[in-house]
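Novice: Below are the sequence and a predicted model for it; my questions follow.
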Amino acid sequence: MKRHLIFPILLIFLLITYFLMAQDPKRASKSINHQTPILKDQYKLKKLTWGSPIFIRIFKKSKELEIWVKQKSKFKLFKKYPIYYFSGTLGPKLKEGDKQAPEGFYYVTEKKLNPKSRFHLSFNIGYPNSYDKHHERTGNLIMVHGNKVSIGCFAMTDPLIEEIYTIAHSAFENGQEYFRVHVFPFHMTKGNMNKYDKSKWIKFWENLKVGYDYFEKKHLDPEVTVKDGVYVFE
């Protein structure tokens, strides 16, 4: 198939999916009721408290989404979920329509959960953030969602988004005001940084690595601000 035909065909498929998909207003509650007892048992096996605050990391190269759960004062890894599909390459999203998934530091409030998503269930990660806006990066509505197709978002499949959505919902129900989502191109080890040191994005990634290292050392999510167009971590 000619490459210039791939995107129009994918777009048509997404539109057909949207119009044909049954909009079940109770979809979220059904998923939560089904997943909660299963996930509670999994939490117990890992000595985690159901409804505790969560933290999410996404790694594009290895196609992983991690959920960390706060236990006492630090976060503990609960599970790694495979990302079924995301579009684009390693590197940040720059503009609307570039079919690129973003990289950076985002946060999700309860209002960003979407129980009526055309891709089963979803949440908006909050792109563009203040860093993106400073650098005049455009676009919006970047989601972690169900289904197996996506343009600029992260498709998890329906069964996995049900788990992830239920965990997020439980954290909000128990008082978490927002959870952070950190999106990286890859695990920012010394070896990987050396491997990609000729990339045009290496300076940007070196800035991301500061936040990555903060969490790796402390298992605490840093406070993230932007100063003079650079991420700052406290």
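Specialist: Sure, I can see it. Since the structure is predicted, the reported quantities are computational estimates derived from the model, not experimental observations.

Novice: hey, let's count contacts and neighbours off CA atoms from now on
Specialist: Will do.

Novice: ok, Gly51 - contacts?
Specialist: Ile167, Ser170, Ala171, Phe172, Glu173, Asn174 (Cα atoms under 8 Å, 6 or more residues apart in numbering).

Novice: now those in JSON lines, with distance to Trp201?
Specialist: Below are the contacts of Gly51 laid out as JSON lines (distance: Cα to Cα, whole Å):
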{"residue": "Ile167", "distance to Trp201": "33"}
{"residue": "Ser170", "distance to Trp201": "37"}
{"residue": "Ala171", "distance to Trp201": "34"}
{"residue": "Phe172", "distance to Trp201": "35"}
{"residue": "Glu173", "distance to Trp201": "39"}
{"residue": "Asn174", "distance to Trp201": "39"}
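
Novice: of the residues you listed, buried ones?
Specialist: Neighbour counting with 16 or more other Cα atoms under 10 Å marks Ile167, Ser170, Ala171, Phe172 as buried within the contacts of Gly51.

Novice: Could you list the low-pLDDT ranges of this structure?
Specialist: 1-25 (pLDDT under 70).

Novice: Show me the helices in it, by range?
Specialist: Ranges of helices in the chain, per DSSP state H, are 3-20, 27-45, 130-134, 158-173, 190-195, 202-218.

Novice: So which of these has the densest surroundings on average?
Specialist: helix 158-173 (a mean of 20; mean count of other Cα atoms under 10 Å).

Novice: can you dump the C-alpha coordinates of that one into CSV?
Specialist: Extracted C-alpha coordinates of helix 158-173, given in CSV (Å, rounded to 0.1, in the frame of the first residue of the first chain):
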residue,chain,number,x,y,z
ASP,A,158,-10.6,-2.0,25.9
PRO,A,159,-9.8,-4.6,28.7
LEU,A,160,-6.6,-2.7,29.8
ILE,A,161,-8.2,0.8,29.8
GLU,A,162,-10.9,-0.6,32.0
GLU,A,163,-8.3,-1.6,34.6
ILE,A,164,-6.5,1.7,34.3
TYR,A,165,-9.7,3.8,34.4
THR,A,166,-10.9,1.9,37.4
ILE,A,167,-7.7,2.5,39.3
ALA,A,168,-7.8,6.2,38.5
HIS,A,169,-11.4,6.4,39.5
SER,A,170,-10.7,4.8,42.8
ALA,A,171,-7.9,7.2,43.6
PHE,A,172,-10.2,10.2,42.8
GLU,A,173,-13.0,8.7,44.9
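
Novice: gap between it and the chain center?
Specialist: Computed by Cα atoms, centre = their mean, to the nearest Å, the separation of helix 158-173 from the middle of its chain amounts to 13 Å.
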